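Undergrad: this one's sequence-less:
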């Protein structure tokens with residue numbers, strides 16, 4: 001199917017269940033995925049697709065089933081990959097999100113301190129200063145791209161801080177993040193080739209290896225992610241295993257970028273789609289933290305995570321074989337109205353607003369969730385205090401990608417308070 005806006009979306013409600021293609025990234029590019037997952041939740045919540053560009057896989061679409069599998073790490077392993085597509089043998093990177101205990105626990109613990117409460121308090125002042133600078137520099141009453149001038153800029157600067165990465169080279173981080181999640185096999189051919197990805201991975205590994213050796217035993221406090229890896233006995237020699245070092249650097253780059261960046265853009269879209277919610281938060285700015293959680297749920301920047309069955313198992317009546325891929329559709333679980341009341345609505349003061357799956361569940365729950373929430377909270381505190389209007393002036397352009405649900409362009413116009 002041509003994915004342009006002038007072509008009708010598939011009739012997910014009318015086609016046979018075995019004809020549903022749950023591996024088509026165009027459903028996110030053109031935002032027509034709702035009916036697909038609503039039908040799966042209702043009729044086939046643990047659904048097998050025997051043929052797709054990423055091979056055969058099971059789809060799990062209900063909230064409670066996703067949580068149950070997330071918590072059963074013995075039966076549903078994160079190894080060898082968290083993505084639907086199997087990595088090629090020479091591209092298997094070892095990262096703690098794609099590991100099971102005890103290795104997962106050891107490597108995650110080494111870097112978890114970067115988002116400890118004390119560090120978050122210190123980050124807040126810095127994040128606010130940067131946010132004010134970016135927002136004050138935006139053009140007024142003329143269109144601009146919110147993704148480029150706000151979302152991308154702010155998250156790139158935060159990534160550079162987390163790694164203590166050379167400031168003048170900071171745009172490398174966002175470029176690498178985009179490359180690592182843009183495999184042409186999961187982007188309907190619109191991504192980049194294996195050769196280009198390897199080229200960028202090699203450049204990234206080389207630069208971070210240089211930084212590792214520059215900082216080794218330099219006597220400075222272990223504040224950034226590289227020094228934290230060096231300071232922990234379980235990861236002190238990680239640089240000697242390039243696939244593991246590269247895997248974890250890649251994980252931290254993508255994890256620190258995509259969730260926050262695409263939620264920063266999604267919030268603008270949703271508040272334009274639901275103007276009564278914009279009016280509500282303007283009247284009650286104390287709702288901003290709650291609104292941030294609802295933005296993250298409604299956006300679900302990472303639509304899925306994959307697990308692999310370690311044994312034959314029957315789950316909710318489905319007979320899953322050892323070695324089969326099990327895809328947990330967070331984007332579906334976040335719209336499961338048996339758990340989340342009025343799930344299709346963007347409702348900024350909903351009860352239990354943090355009860356969503358965008359950060360995952362169980363041992364793999366995103367360690368940077370509080371930092372992401374802080375960045376979004378500060379953005380909206382500062383934006384709502386200075387802009388009388390933040391309006392879309394064109395259709396958003398979305399990523400054609402199964403692993404990242406985000407935006408490539410967002411045409412916006414702002415006007416400041418007199």
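TA: Perfect, thanks for sending it. Remember, it's a predicted structure, so these values are computed and weren't measured experimentally.

Undergrad: other SSEs contacting the helix or strand bottoming out on mean pLDDT in the chain?
TA: For the chain, counting by mean pLDDT, DSSP states H and E, helix 103-111 ranks last in confidence among helices and strands (a mean of 72). When contacts are defined as 3 or more C-beta pairs under 8 Å, 6 or more residues apart in numbering; DSSP states H and E, helix 103-111 packs onto helix 225-231, helix 242-255. C-beta coordinates here come from the backbone N, C-alpha and C atoms, glycine included.

Undergrad: Now do the first one: which elements does it pack against?
TA: Packed against helix 225-231 by the contact rule (3+ C-beta pairs under 8 Å, 6+ apart) you find helix 103-111, helix 153-163, helix 194-215.

Undergrad: Setting aside sequence neighbours, what's the nearest residue to residue 220?
TA: Counting by C-beta to C-beta, 6 or more residues apart in numbering, residue 227 is the residue found nearest to residue 220 once chain neighbours are left out, at 6.6 Å.

Undergrad: how many neighbours does the one you found have?
TA: Other residues lying near residue 227 total 20 when counted by other C-beta atoms under 10 Å.

Undergrad: The chain: strands as residue ranges?
TA: Listed in chain order, the strands found in the chain under DSSP state E are 46-49, 57-60, 76-77, 144-145, 304-309, 313-315, 318-320, 325-329, 387-392, 397-398, 407-409, 411-416.

Undergrad: On the C-terminal side of the fourth one, identify the next helix or strand.
TA: I take that to be strand 144-145. Moving toward the C-terminus from strand 144-145, the next helix or strand (DSSP states H and E) is helix 146.

Undergrad: my guess is residue 138 meets residue 144, correct?
TA: Yes. Using C-beta atoms under 8 Å, residue 138 is in contact with residue 144, at 6.5 Å.

Undergrad: Now tabulate the helices and strands packed on helix 225-231 in CSV and tack on mean neighbour count and distance to residue 24.
TA: Formatted as CSV, the helices and strands packed on helix 225-231 follow (neighbours: other C-beta atoms under 10 Å; distance: least, C-beta to C-beta, whole Å):
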stretch, mean neighbour count, distance to residue 24
helix 103-111, 19, 31
helix 153-163, 22, 28
helix 194-215, 15, 21
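
Undergrad: Identify whichever of these lies nearest to residue 122.
TA: In terms of C-beta to C-beta, the element of the helices and strands packed on helix 225-231 nearest to residue 122 is helix 153-163, at 10.2 Å.

Undergrad: how far off helix 194-215 does the closest one point, in degrees?
TA: On the basis of axes from the mean of the first three to the mean of the last three C-alpha atoms, to 10 degrees, helix 153-163 is oriented at 50 degrees to helix 194-215.

Undergrad: Contacts for helix 153-163, please.
TA: With C-beta atoms under 8 Å, 6 or more residues apart in numbering as the test, helix 153-163 has contacts from 114, 123, 126-127, 130-131, 134, 165-167, 170-171, 173-174, 177, 211, 224-226, 252-253, 256-257, 260-261, 264, 371, 375, 379.

Undergrad: Check stretch 132-152 too.
TA: Applying C-beta under 8 Å, 6+ apart, the external contacts of stretch 132-152 come out as 153-154, 174, 260-262, 264-265, 268, 379, 382-383, 386-387, 393-394, 407-416.

Undergrad: May I see the PyMOL selection of the buried members of the residues you listed?
TA: To isolate the buried members of the contacts of stretch 132-152 in PyMOL, using 16 or more other C-beta atoms under 10 Å:
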select buried, resi 153+154+174+260+261+262+264+265+268+379+382+383+387+407+408+410+411+412+413+414
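
Undergrad: in the stretch 1-150 of the chain, which spans are helices?
TA: For the stretch 1-150 of the chain, applying DSSP state H, counting those that start in this stretch gives helices covering 26-29, 34-43, 63-71, 103-111, 117-136, 146.

Undergrad: least reliable of those helices going by mean pLDDT?
TA: The minimum mean pLDDT among these belongs to helix 103-111 (a mean of 72).

Undergrad: centre of the chain versus it, how much separation?
TA: On the basis of C-alpha atoms, centre = their mean, to the nearest Å, helix 103-111 sits 20 Å off its chain's mean C-alpha point.

Undergrad: do the same with stretch 210-224
TA: 28 Å.
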